[in-house]
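>>> return a 3D structure for these sequence lines:
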Amino acid sequence: MDPILKQIKEITNLNEHIDLNTTADSIKKSIIFRGPNVWILIFAILIASVGLNINSIPVIIGAMLVSPLMGPIMGIGLAMGTNDEELLKKGLKNLLVMVIISIIASTFFFLISPLNLEEPTELLARTKPTLYDVIIALFGGLAGIIETLRKEKGTVLAGVAIATALMPPLCTAGYGIATGNPGFFVGALYLFFINSVFIALATYGAVRYLKFPMVKMPEIEKQKKLKKNLAIVIVIFILPSIYTAYVVVRENNFSQAAKLFVKENKITGKSFIYDYSIDHSKYPSVLNISFAGEPLGMDEKKLLYQKLEEKGIVRSQLNINEILSFNSDTDNEVLKNMFNIKQNEVQKKDSLIGQLEKNLEELKNKELPANKIYNEIIAQYPGIVSFSAARGSEVNVKSGNPTEQIVLIIKWKKKISEAEVDKLQRWLAVRLETENIKVIQEN
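Numbering: from 1, shown residues only. Predicted coordinates:
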């Protein structure tokens, strides 16, 4: 057991691969916010705002790669870990200035943008941070500081910038101001501070663990106070995220159960579900289903409720609408026929798509690997000039029955003997897994 632990320790050891002094200098330089960094931040914010406005993930990712926001946040973690008060003040000041500039720039963009999507999914994704965002920020921060520590730099920081997503929440906060939506503003800022705090904490933890040189020896009382404050900050930021994670999981479970219920009970008695919606705006969530056909009887509703409860949904969470229910047998028959026709059309289309996919796969399997065959033949017969290959049919005149055949027309500098042609045909039969092959020579 000891050799295994020793090997694990050797594999995970960081000391041989890191440079503490160079890392500290690099982080301190990244805190600087003036000149080019100011314009880079503004441009990155505008790029991210455009990406969020048009729901373009690649554009948002590009903005996150350009953003210089990581510098001051890691600087704050380094300052806390090395007890550098001046660096801490500089990091906090620069981060605050960056946040203000970012929000102003994104607010300005969304005020003048004529595009207002009905469902801005990328913006909405930044308004409900959960415990998962805390975990991403923490491990992203650890990956970031370890990458910064490495003597040989890689591309990890780019991945960290994408994963922790510091830029989009600030743009979403600007959108909240521009549209007068406090929910967007508060939720997005909460996500930004979750990312910032836990990246800084990850940096602080790594700095203390790796024993970076202290700028100033800390006082015991101040250290106790710092640890206490850090614990309070962690609790303040984690508790709401735990609740939102619980809400997200609860709503997701309800949606899955509701969709399965609708799918399994599409037809009930002489009625059918023609529409449904899931409403999470209330607590608990509500499933609205609309029936067409004859009105549901008490027994049918009782059976529906029973099946609903089997999915873990209580009766009060189901709202049944029967606005297209009719007592007339004629009307019911018309509605049923319409439904059946629709279902048949869908089934026919699915069947046709399946058959076309099968035919396409068969055609792909029959494609001749012409380039490979050419390279293999020329390796054996350098005198070849060119060749064409085609799959066709040989028809027997007497019987009229077609037989699949592969024909190769080969041009040579000098024709080969019939024995060589026969040998080539036999090799091609093995290579292409078919017996009926015809090789035709041309000068």
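
>>> what about the stretch 101-250 of the chain, any weak spots by pLDDT?
Low-confidence segments of the stretch 101-250 of the chain (pLDDT under 70): 153-159.

>>> middle-most residue in the protein, spatially?
Using CA atoms, centre = their mean, the residue of the chain that lies closest to the mean C-alpha position is Ile57, 9.1 Å off.

>>> SS state for the residue of the chain most remote from its centre?
Relative to the centre of the chain, and counting by CA atoms, centre = their mean, the farthest-placed residue is Lys398 at 62.0 Å. Under DSSP: H, G, I helix; E, B strand; the rest coil, the three-state class of Lys398 is coil.

>>> next, work out how far apart it and Gly392 are.
As judged by CB to CB, to the nearest Å, Lys398 and Gly392 stand 19 Å apart. The C-beta positions use only the backbone N, C-alpha and C, and glycine is treated the same way.

>>> what of Thr82?
78 Å.

>>> what do you get for Lys227?
Distance from Lys227 to Gly392, by CB to CB: 81 Å.

>>> how about Lys211, phi and psi?
Backbone torsions for Lys211, taken as degrees, to the nearest 10, come to phi 60, psi 60.

>>> then Lys398?
phi -70, psi -50.

>>> how about the contacts made by it?
Neighbour list for Lys398: empty [criterion: CB atoms under 8 Å, 6 or more residues apart in numbering].

>>> cool, Leu131 as well?
Leu131 makes contact with Ile238, Ser241, Ile242, Thr244, Ala245, according to CB under 8 Å, 6+ apart.

>>> may I see those residues organised as JSON lines, with neighbour count, distance to Leu352 and secondary structure added?
JSON lines is the format used below for the contacts of Leu131 (neighbours: other CB atoms under 10 Å; distance: CB to CB, whole Å; DSSP: H, G, I helix; E, B strand; the rest coil):
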{"residue": "Ile238", "neighbour count": "15", "distance to Leu352": "53", "secondary structure": "helix"}
{"residue": "Ser241", "neighbour count": "21", "distance to Leu352": "48", "secondary structure": "helix"}
{"residue": "Ile242", "neighbour count": "12", "distance to Leu352": "49", "secondary structure": "helix"}
{"residue": "Thr244", "neighbour count": "19", "distance to Leu352": "45", "secondary structure": "helix"}
{"residue": "Ala245", "neighbour count": "18", "distance to Leu352": "44", "secondary structure": "helix"}
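
>>> can you give me the strands for the stretch 151-300 of the chain?
267-268, 271-279, 286-293 (DSSP state E, counting those that start in this stretch).

>>> tabulate those strands (CSV), appending mean pLDDT.
Below are the strands of the stretch 151-300 of the chain laid out as CSV (pLDDT from 0 to 100):
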stretch, mean pLDDT
strand 267-268, 81
strand 271-279, 85
strand 286-293, 86
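
>>> which of those strands is buried the deepest?
When these are scored by mean count of other CB atoms under 10 Å, the highest mean neighbour count falls to strand 286-293 (a mean of 20).

>>> packing partners of that strand?
The contact analysis (3 or more CB pairs under 8 Å, 6 or more residues apart in numbering; DSSP states H and E) places strand 286-293 against helix 220-264, strand 271-279, strand 318-325, helix 329-366.

>>> kindly recompute the last result at 10 Å.
Counting contacts by 3 or more CB pairs under 10 Å, 6 or more residues apart in numbering; DSSP states H and E, strand 286-293 is packed against helix 220-264, strand 267-268, strand 271-279, helix 298-310, strand 318-325, helix 329-366.

>>> and these: which comes nearest Leu14?
Between Leu14 and those, the tightest spacing by CB to CB is seen for helix 220-264, at 23.0 Å.

>>> which neighbouring elements make contact with that closest one?
Using 3+ CB pairs under 10 Å, 6+ apart, helix 220-264 sits against helix 70-82, helix 131-149, helix 182-209, strand 271-279, strand 286-293, helix 298-310.

>>> quick revisit: show me what contacts the residue nearest to the centre of the chain?
Gly51, Thr121, Glu122 (CB atoms under 10 Å, 6 or more residues apart in numbering).

>>> mind pulling up the pLDDT for it?
pLDDT, Ile57: 84.
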